[in-house]
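Trainee: Here is my input; please provide its structure:
(2 chains)
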Amino acid sequence: MDSSNFENTKAIETKNLTKIYHGGIRAVDDVTFLVQPGEIFGLLGPNGAGKTTMIKMIVTLARPTTGNLRVFGIDASKSPETVRNMLGYVPQSISVDTDLTGYENLLIFSKLSYVDKKQRNGRIKDALEYMGLTDRAKDLVKHYSGGMMRRLEIAQALVNRPRILLLDEPSIGLDPASKMHVWESIKQLKEKFGTTILITTHDMSEADELCDRIAIMSDGKIAALGSPIELKKSVGGDVVTVNLTVAYPSITFPKEIGTIMHSNEKSIQILAENGEIAIPLVSNFFRDQKIAIDSISINKPNLDDVFMKYAKRRLHEEISPHATSARRDFVRHTR
Amino acid sequence: MNIARFLSSAVTVAEMEARKIRHDTTELWIRIVQPALWLIVFGVTFNSIKAMPTGSFSYIQFITPGILAQSVLFIAIFYGITVVWERDVGIITKLLSTPSPRASIVLGKSLSASLRGMFQAVMIFALALALGVKIRLDIPDILGVFAVVILFAMCFSSLSMLLASFMKTRDRMMGIGQALTMPLFFASNAIYPISVMPVWLQYVSKVNPLSYVVDAMRSMLLSGSYENLPIDILALLVATVTFVALASITIKRLLE
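Mentor: Numbers count the residues shown, from 1 in each chain, chains lettered A, B, ... in the order given. Okay, here's the model as predicted:
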């Protein structure tokens, strides 16, 4: 037992985790990371980066080829049922049973999760209420909207009061209002119950909105890991754009303020570490040079920029099996 | 492993099927068409020409257990298609992500097939009575028939799930189902006695599980002589346990 190397307090801990599919595709390649209890951890990356495979290994639906994976200190390969008992899992595609009612979906799932008989009905009622589905509980799920199905899916993952909730692209295919509803519920789960949440997405605004920390995956590896703010900083600084009233041929700009990225006669883009601090310096510089400024604006990097920097998206590689499965999922959602 | 939990999970998976059937019974009614045709058209016709050496029983008596076994076989052998479909819509992933042991899910799925088989048996009993077919209606015999139906459906649905783990698509499972059912059916004693078969086919029918099932049902519904019954049921039980165990190991391949 090498349990001394693992702290039991970590929600999820992976060490050199690798999954190689038939045909030698390294879906997850030597990945090591930690998820702290009570945090919302985001796994980002383009299609086929290995996010879903990672989640499947945590849910013990896929077996790691090599490496170690622990959930609250429990080895996922050795005690898969104990691990699954701590998890709530919302898969990428809608997977509630549409031929049953919302209530029945929760009932069956709570029985399969061995929720105590005395608590079962209370839990189901709570989960329905929490996801705003109480008044449609007796309807067949096939008559639900996409947003309601997704909410039911999360309700289903909540009936066993999981310590970790795994959400595989929870807001895919949802309209903005439903998306907000789902986001609110996720945030509340963390705040009210201290649930640890691992979420995969390629929606940058979702990651920015929800996640405490983010790992960007690319080609099965973690390309960058940190808080959204740290990651944004790592892309480089802010871009200050200065528009001049009259064309000015050429400027030599002091390095201390920033570097010129791009300029034409009337507009100059300066890359600065901190845009707010750079603005007065920039404006002073131009005043000293007796050049009149029309306007100044700052552009701060967002997670899209982070994503583009770290996630090497290679379209010609999209024929991997993961890409086809992602496509299949997409087709299913738009059905 | 906790046996009570294991069984409760299996029953829950079957409960899921029961609830679905309750919401939509259409399939149950459609499924009665084929056995009805066999009994009403084929059975009645051959009954009147008395072409088959069926001993002291009329031909329609003779084939009633055969048609019952055949229609349960159809439900069971195509059950893998249902499971592949459920895989496609994510239900299997969902079931396998619960703390329930995998084998309990597979067992529950095979019980679901049995549930459909039992409805089928009820329908065929009703049909046989409506046609005036003389069958023994002792309670123990009827319970015995249902027990065989349950085991038989579990056996072949778990075989079907085992095959589905490797075949993975609905189209292939359709083909496999077709390729299996017809030979099993025609190389059995379901619609004619083994004695009229060519010799080579007689050998095939001796290793055909369907023959044993039909034999067991006939002994309970018609003859009332049970000497072969223990071996029939034992063989079925062994096959069922084997297939459920194997399918539990392979089912995860469906998700790959």
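Trainee: Could you count how many residues lie near the residue in the stretch 1-150 of chain B positioned nearest to chain A?
Mentor: Among residues of the stretch 1-150 of chain B, the one nearest chain A by CB to the nearest CB turns out to be B:G90. It sits 2.7 Å away. In short, each C-beta sits where N, CA and C put it, glycine included. Neighbourhood size, B:G90 [other CB atoms under 10 Å in any protein chain shown]: 21.
Trainee: Quick check: closest non-adjacent residue to it.
Mentor: The shortest distance from B:G90 to any residue other than its chain neighbours is 2.7 Å, reached at A:S95 (CB to CB, 6 or more residues apart in numbering or on different chains).
Trainee: need the residues of the stretch 1-150 of chain B near chain A, please.
Mentor: Contact residues of the stretch 1-150 of chain B with respect to chain A, defined by CB under 8 Å from any CB of the partner chain, are listed as B:5, B:8-9, B:12-13, B:15-16, B:19-20, B:23-24, B:88-91, B:93-101.
Trainee: Buried residues, the helix or strand containing B:S165. List them.
Mentor: The secondary structure element spanning B:S165 is helix B:139-167 (assigned by DSSP states H and E). Buried residues in helix B:139-167, counted by 16 or more other CB atoms under 10 Å in any protein chain shown: B:141-142, B:144-146, B:148-165, B:167.
Trainee: Check which helices and strands that helix is in contact with.
Mentor: Counting contacts by 3 or more CB pairs under 8 Å, 6 or more residues apart in numbering or on different chains; DSSP states H and E, helix B:139-167 is packed against helix B:59-77, helix B:79-88, helix B:102-130, helix B:170-186, helix B:209-218, helix B:229-250.
Trainee: So which elements touch the second one?
Mentor: For helix B:79-88, the contact count by 3+ CB pairs under 8 Å, 6+ apart identifies helix B:91-96, helix B:102-130, helix B:139-167, helix B:170-186 as packing neighbours.
Trainee: I'd like the distance from the third one to the chain centre, please.
Mentor: Using CA atoms, centre = their mean, to the nearest Å, the mean C-alpha position of helix B:139-167 is found 5 Å from that of the whole chain.
Trainee: do the same with the first one
Mentor: When C-alpha coordinates are averaged (CA atoms, centre = their mean), helix B:91-96 and its chain have centres 24 Å apart.
Trainee: Give me the contacts around that helix.
Mentor: In this structure, residues lying in contact with helix B:91-96 by CB atoms under 8 Å, 6 or more residues apart in numbering or on different chains are A:61, A:89, A:91, A:95-97, A:109, A:112, A:156, B:13, B:83, B:86-87, B:102, B:105, B:251-252, B:254-255.
Trainee: Write out the residues of chain A neighbouring chain B.
Mentor: A:21-22, A:56, A:59-62, A:81-82, A:84-85, A:87, A:89, A:91, A:93-101, A:104, A:108-109, A:111-114, A:140, A:156, A:160, A:332.
Trainee: Surely A:R213 touches A:G42?
Mentor: Yes - under the criterion of CB atoms under 8 Å, A:R213 is in contact with A:G42, at a separation of 7.1 Å.
Trainee: Neighbour count: those two, which is higher?
Mentor: A:G42 (27 against 18).
Trainee: where's the more buried one relative to A:E169, distance?
Mentor: Distance, A:G42 to A:E169, by CB to CB, to the nearest Å: 11 Å.
Trainee: Could you pull up the contacting residues of B:K109?
Mentor: Residues touching B:K109, when contacts are defined by CB under 8 Å, 6+ apart, comprise B:V13, B:Y79, B:V83, B:S157, B:S158, B:M161.
Trainee: same thing but 10 Å
Mentor: Residues counted as contacts of B:K109 (CB atoms under 10 Å, 6 or more residues apart in numbering or on different chains) are B:10, B:13-14, B:16-17, B:79-80, B:82-83, B:86, B:92, B:95, B:154, B:157-158, B:160-161, B:244, B:247, B:251.
Trainee: Buried subset of those as a ChimeraX selection?
Mentor: Buried residues within the contacts of B:K109, as defined by 16+ other CB under 10 Å, are selected in ChimeraX through the command that follows:
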select /B:10,13,14,16,17,79,80,82,83,86,92,95,154,157,158,160,161,244,247,251
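Trainee: now the helices for the stretch 1-150 of chain A?
Mentor: A:51-58, A:80-85, A:102-112, A:117-130, A:146-158 (DSSP state H, counting those that start in this stretch).
Trainee: Can you lay out these as TSV showing mean neighbour count and mean pLDDT?
Mentor: Conversion of the helices of the stretch 1-150 of chain A to TSV gives the following (neighbours: other CB atoms under 10 Å in any protein chain shown; pLDDT from 0 to 100):
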stretch	mean neighbour count	mean pLDDT
helix A:51-58	26	94
helix A:80-85	20	95
helix A:102-112	24	97
helix A:117-130	16	94
helix A:146-158	24	91
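Trainee: Please tabulate those helices in JSON lines, including the columns distance to A:D29.
Mentor: Written out in JSON lines, the entries for the helices of the stretch 1-150 of chain A read as follows (distance: least, CB to CB, whole Å):
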{"stretch": "helix A:51-58", "distance to A:D29": "10"}
{"stretch": "helix A:80-85", "distance to A:D29": "22"}
{"stretch": "helix A:102-112", "distance to A:D29": "33"}
{"stretch": "helix A:117-130", "distance to A:D29": "37"}
{"stretch": "helix A:146-158", "distance to A:D29": "28"}
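Trainee: now for the ones you listed, which one comes closest to A:G236?
Mentor: For the helices of the stretch 1-150 of chain A, distance to A:G236 was read as CB to CB. The smallest value, 25.4 Å, belongs to helix A:51-58.
Trainee: mind exporting that closest one as PDB, just the C-alpha atoms?
Mentor: Output in PDB follows, covering the C-alpha atoms of helix A:51-58 (Å, rounded to 0.1, in the frame of the first residue of the first chain):
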ATOM      1  CA  LYS A  51     -12.100  15.100 -20.900                       C
ATOM      2  CA  THR A  52     -14.800  12.500 -21.200                       C
ATOM      3  CA  THR A  53     -12.400   9.600 -20.900                       C
ATOM      4  CA  MET A  54     -11.100  11.200 -17.700                       C
ATOM      5  CA  ILE A  55     -14.600  11.400 -16.200                       C
ATOM      6  CA  LYS A  56     -15.300   7.900 -17.300                       C
ATOM      7  CA  MET A  57     -12.300   6.700 -15.400                       C
ATOM      8  CA  ILE A  58     -13.400   8.500 -12.300                       C
END
